[in-house]
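**Student:** let me see the structure of the following:
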Amino acid sequence: MSGPILQVQDIHTGYDGIPVIHGISLEVNQGELVSIVGANGAGKTTTMRAIAGLMMPYQGTITFKGVDITKMPAHETMKIGLSYVPEGRRLFSKLSVRENLELGAFIKKDRKEINARLEEVFELFPRLKDRADQTAETMSGGEQQMLAIARGLMSKPALLMLDEMSLGLMPSLVEKVMDAIVSINKSGMTILLVEQMVQEALEIAGRGYVLQTGKIVQSGSARMLLESDEVRKAYMGL
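**Tutor:** Below you'll find the model as predicted:
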């Protein structure tokens, strides 16, 4: 496939007729780690939900792997290789780590394939292997976040979309989660990351988009955005 794996062109959407994002355009190329950053309430999660098929744009188009997915519901976008890990982890707290992971592979029917995926995510996250039979609710916040990411990988997506992975985590755990995201990207996975911890997200990305009140106000290489006076003043307190 030539061109970007994901292309979002001029999408507008919101809740109950109230617009939240106003004409967002962005793209993600195969193998990239792209960050969408901005303050709380900027429209980052709304953008992700629109791409994932959890809400429909009023206008604009979303193309994934050359297919128009603008009006495609989430269970269909998942089948064609898009995996969305929402903010707040959303795990099945009473189920074990292994059961949570297997639910992430519900579109796979072949038991051998599911077992192979389990081995792959256990290799990425050895801690989860150690705790495979533990219930999700008994794990620390950082471990739960790793589990949420690992579950997102179980469907073997072409694009992994991660929403606010640092939410509610101590700084030392944020670093561990960011390191895990880098490892996943280095293994060949294309990642779109939404994050309000602007510096941390841009430090691991190749490119970034800065979102402000539902519009992209800056975009470019992550290094360029990290060095931008506007970004440093607005988001890093520098």
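**Student:** pull the residues that contact the lengthiest helix in the chain.
**Tutor:** Scanning the chain for the longest helix, with DSSP state H as the assignment, gives helix 171-186. By CB atoms under 8 Å, 6 or more residues apart in numbering, the residues outside helix 171-186 that reach it are 31, 33, 124-125, 140-142, 145-146, 149, 153, 160, 162, 165-166, 169, 191, 193, 197, 200-201, 203-204. All C-beta spots, glycine's among them, are computed from the backbone N, C-alpha and C.
**Student:** for the spatially most central residue of the chain, give the beta-bridge partners.
**Tutor:** Centroid-nearest residue in the chain, with CA atoms, centre = their mean: residue 162, separated by 1.5 Å. Under DSSP bridges, the beta-bridge partners of residue 162 are residue 85, residue 193.
**Student:** that one touches residue 151, doesn't it?
**Tutor:** No. With contact defined as CB atoms under 8 Å, residue 162 does not reach residue 151; the gap is 11.7 Å.
**Student:** so what sits against both of those two?
**Tutor:** Common contacts of residue 162 and residue 151 (CB under 8 Å, 6+ apart): residue 85.
**Student:** number of nearby residues for residue 27?
**Tutor:** For residue 27, the count of nearby residues is 18 (other CB atoms under 10 Å).
**Student:** so it: helix, strand or coil?
**Tutor:** Applying DSSP: H, G, I helix; E, B strand; the rest coil to residue 27 yields a three-state assignment of strand.
**Student:** I'd say it and residue 8 touch.
**Tutor:** Yes. Taking contacts as CB under 8 Å, residue 27 lies within contact range of residue 8: 7.0 Å.
**Student:** can you get me a residue count around residue 16?
**Tutor:** When neighbours are counted by other CB under 10 Å, residue 16 registers 4.
**Student:** ignore what I typed, I meant residue 81.
**Tutor:** The number of residues packed near residue 81 is 18, by other CB under 10 Å.
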